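Novice: this one's sequence-less:
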């Protein structure tokens, strides 16, 4: 399944909770802000990344978004419905 993940750089405070929960999908950039790791099969647009994930990875991404203290991470399912 595909999900669209976005990290709002203006809201991100660089706590790193997303990295702890979903290190396969998040890292901190040079400015100390979270960013989404991109593989060669992922499609990116403006500060968003469409990721093909398993149901376990989707659950992990949701947990990472929910753990973000500044609510900088949003996730949209493949039907365009915002799930977080």
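Specialist: Ah, there it is. What you are looking at is a predicted structure, and each value in this text was computed from that prediction instead of being measured.
Novice: contacts, neighbours, all on C-alpha from now
Specialist: OK.
Novice: in which helix or strand would I find residue 74?
Specialist: Using DSSP states H and E, residue 74 sits in strand 73-77.
Novice: On the C-terminal side of the lowest-mean-pLDDT helix or strand in the chain, identify the next helix or strand.
Specialist: Sorting the helices and strands of the chain by mean pLDDT, DSSP states H and E puts strand 43-45 at the bottom, at a mean of 60. Heading C-terminal from strand 43-45, the first helix or strand you meet, by DSSP H and E, is strand 48-52.
Novice: which strands and helices sit next to that following strand?
Specialist: Packing partners of strand 48-52 (3 or more C-alpha pairs under 8 Å, 6 or more residues apart in numbering; DSSP states H and E): strand 2-7, strand 43-45.
Novice: ok, now with 10 Å
Specialist: With contacts taken as 3 or more C-alpha pairs under 10 Å, 6 or more residues apart in numbering; DSSP states H and E, strand 48-52 sits against strand 2-7, strand 34-36, strand 43-45, helix 55-67, strand 73-77.
Novice: That one pairs with which strands?
Specialist: Here strand 48-52 is paired, per DSSP bridges, with strand 2-7 (antiparallel), strand 43-45 (antiparallel).
Novice: How much space separates residue 6 from residue 25?
Specialist: Distance from residue 6 to residue 25, counting by C-alpha to C-alpha, to the nearest Å: 11 Å.
Novice: Quick check, residue 9 in contact with residue 36.
Specialist: No. Counting by C-alpha atoms under 10 Å, residue 36 is not a contact partner of residue 9; they are 11.1 Å apart.
Novice: Those two - which one has more neighbours?
Specialist: Using other C-alpha atoms under 10 Å, the more surrounded residue of residue 9 and residue 36 is residue 36, with 23 against 15.
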